[in-house]
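> sequence first, predicted coordinates after that:
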Amino acid sequence: MQQATFDYIVIGAGSAGCVVANRLSADPSKTVCLIEGGGSDNDLRVKVPAGILSLYGNPRFDYGYVGVPQAEMNGRRIPVNRGKALGGSSTINSMIYIRGAREDYDEWASLGCAGWAYDDVLPVFKSFERNLLGQDAAYHGFSGELLVDNPRDPNPVAKMFVKAGTEAGLPENRDFNGAAQLGVGVYNVTQDRGQRFSAHSAFIKPVMNRKNLTVLTGAEVVDLDIEAGQARAVNLIREGALQKIACRGEIILSAGAIGSPRILLASGIGPAAELAAAGITVKADVPGVGKNLRDHIDGMITVRSNSLKTLGLSLANAPAILASPFRYFAARRGMLTTNYVESGGFAKTKYAGALPDIQFHFVPGYRSHRGRLVEYGHGFAVHTCVLRPKSIGELTLVADGSRRNVAIDHRFFSRSEDLDTLVEGIKVARTIFAQPAMKELAGTEILPGPNVVKDDEIRAYLRAEALTVYHPVGTVKMGTDPMAVVAPDTLKVRGLNNLRVADASIMPTLIGGNTNAPSMMIGDRAARFILGR
């Protein structure tokens, strides 16, 4: 590295950080350093959509956090998968492009986050979107950096789920980012001709030749030097050595809902009593750091089927499996194009108000009933998640002296409404699976299983098996109340003059949908604040 002082330092090359670094480095007079704890994303497992199965839990690409035992989930520890490579979690996610509902952002504004209502953020979404589908220009952009497309070669079973959903009374929805979310359909994805198109692909690769942009990989940030209300430098470990990178301008934390609060706490920014108990010198007493953790709790139905229309590992399917690399690399077609959740949608349970309260992620292949990555045989599955959970957890620094480890406590099902909603969501999903469109697959439900019918039986199943769909947010929330950490009009951390946070951690509430695109929007807005736009 030729210089150790920069005008801007962006920590985290994920969904938000890549956008921030792109926008700030557009000014050639300013030097920008983008720091990523992981390594390169130049790997076929990343580029080929079906390679996602090899990314989760892989220490090269996934931080692989695990939460603390959950009191309402039989003491289970829930995995918290987070991307560890250029592109962050957009390098290991399912590539689904969802923004959330208008009402989600209007709620942010009503909670004291002026300037974050839907009409404020929609132009930002449109500005970086390059929609390849000709969808409604009122909701979509066509000249931005982020490619949005349909899956290249959707599995026929994914389309059968959509038909079954309409038979169950849901409308078919061809644009979940349009006027309404309700309904079932094939998801839009962030892909380039059947290849993953991450935040790194969209916002950093095209500008890597900028002489004022330095990208550091394999750089684990330990903490920040804080003096007199200023973030002066970043301390990191790279190639086994401790390094310091100084900042003459601003530091932007985009390390995600786990990484950003961890770095703040390690730097002495957080609840004073907790910091003191962990042996950290308090630099700024900010009670909300690490609080307000929210995530989408999820229950699965998995079904066995002998149909070769479904994805699966079997002797009968061996010819198709062997041919799949040739089909993919010759024409970007076939089973390797799948992101495994090609279709899904939004529905209402009996507890819903005006908005859908559950989301489906349909898998046209057998999801192991034993938690295995790959299971022999065929089938299909659906994940059902609670869109706007009431249960709120927290993240705290582990008092082990390292300042690098955190305890993640989602407190799932601490509010009974979430469990009740998910029970009803399982029932709605079963109703869809029972429709004529799915009959030819002749499936047999394995989990929860035909004997799990009563509400209490479904509750017990969910306590034993429910996981998340990996959308943690809120741990450095914006707002104006005493627990707010960053200001809505600047995203600056309370008490700090030049330290901002730009990622999903600033969300005051969890949006109803996938969080990749909203994180990019947050990164874009942060850059606009910094640049005075």
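That came through, no problem. Please read all numbers here as calculations on a predicted model, not as lab measurements.
> Provide the secondary structure category for Cys247.
strand (DSSP: H, G, I helix; E, B strand; the rest coil).
> just give me the neighbour total for it.
Cys247: 22 surrounding residues under other CB atoms under 10 Å. Every C-beta, even on glycine, is put in place using the N, C-alpha and C of the backbone.
> again, but for Glu107
Using other CB under 10 Å, Glu107 has 18 other residues around it.
> which residue is the nearest non-sequential neighbour of it?
Nearest non-adjacent residue to Glu107, counting by CB to CB, 6 or more residues apart in numbering: Thr509, 6.0 Å away.
> and what of Gly270?
Val289 (3.7 Å).
> tell me, how many residues neighbour that neighbour?
Neighbours of Val289 (other CB under 10 Å): 34.
> please identify which helix or strand holds it.
If you go by DSSP states H and E, Val289 is not part of any helix or strand.
> about what we covered before: pull the contacting residues for the residue nearest to Glu107.
Going by CB atoms under 8 Å, 6 or more residues apart in numbering, Thr509 touches 104, 107-108, 111, 294, 388, 474.
> what about it, which SS state?
Going by three-state DSSP: Thr509 is coil.
> how close does it sit to Ser254?
In this view, Thr509 and Ser254 are 20 Å apart by CB to CB, to the nearest Å.
> which residues does the residue nearest to Gly270 contact?
By CB under 8 Å, 6+ apart, the residues touching Val289 are 261, 264-265, 269-271, 475-476, 485.
> which ones among those residues lie within strands?
Among these, the residues falling in strands (DSSP state E) are 269-270.
> closest one to Ser414 out of the contacts of Val289, please.
Nearest to Ser414, judged by CB to CB, of the contacts of Val289 is Thr475 at 16.4 Å.
> does that closest one really touch Pro261, like I thought?
Yes. When contacts are counted by CB atoms under 8 Å, Thr475 is listed as touching Pro261 (4.3 Å).
> who touches both of those two?
What both Thr475 and Pro261 touch, as defined by CB under 8 Å, 6+ apart, is the set 289-290, 395, 505.
> wait, which of the contacts of Val289 is closest to Leu311?
When these are ranked by distance to Leu311 (CB to CB), Thr475 comes first, at 35.3 Å.
> for the closest one, grab the count of nearby residues.
Thr475 has 33 nearby residues by other CB under 10 Å.
> tell me how far it lies from Ile506.
According to CB to CB, Thr475 stands 9 Å off from Ile506.
> just Glu227 next, same as before
Glu227 sits 24 Å away from Ile506, going by CB to CB.
> more neighbours, the two?
Neighbours per residue, other CB under 10 Å: of Glu227 and Ile506, the larger number sits with Ile506, 31 against 9.
> okay, that one: pLDDT?
Listed pLDDT for Ile506 reads 98.
> so who does it touch?
Neighbouring residues of Ile506 by CB under 8 Å, 6+ apart: 476-478, 485-486, 491, 522.
> what about those, which one has the most neighbours?
Among the contacts of Ile506, the one with the most neighbours (other CB under 10 Å) is Val476, at 34 neighbours.
> next structured bit after whichever strand or helix holds Gly185?
Using DSSP H and E, the element containing Gly185 is strand 183-186. Downstream of strand 183-186, the next assigned helix or strand under DSSP H and E is strand 191-192.
> for Pro271, see how far away the residue nearest to Gly270 is.
Noted for Val289: a distance of 7 Å to Pro271, by CB to CB.
> can you check Gly100 too?
Going from Gly100 to Pro271 by CB to CB gives 29 Å.
> stretch 35-43: how far from the chain's middle?
How far stretch 35-43 lies from its chain's middle: 17 Å, per CA atoms, centre = their mean, to the nearest Å.
> let me redo that: stretch 241-259
For stretch 241-259, the distance to the chain centre is 21 Å (CA atoms, centre = their mean).
> sorry, back to before: closest one of the contacts of Thr509 to Ala233?
The closest of the contacts of Thr509, once distances to Ala233 are taken by CB to CB, is Gly474, at 27.8 Å.
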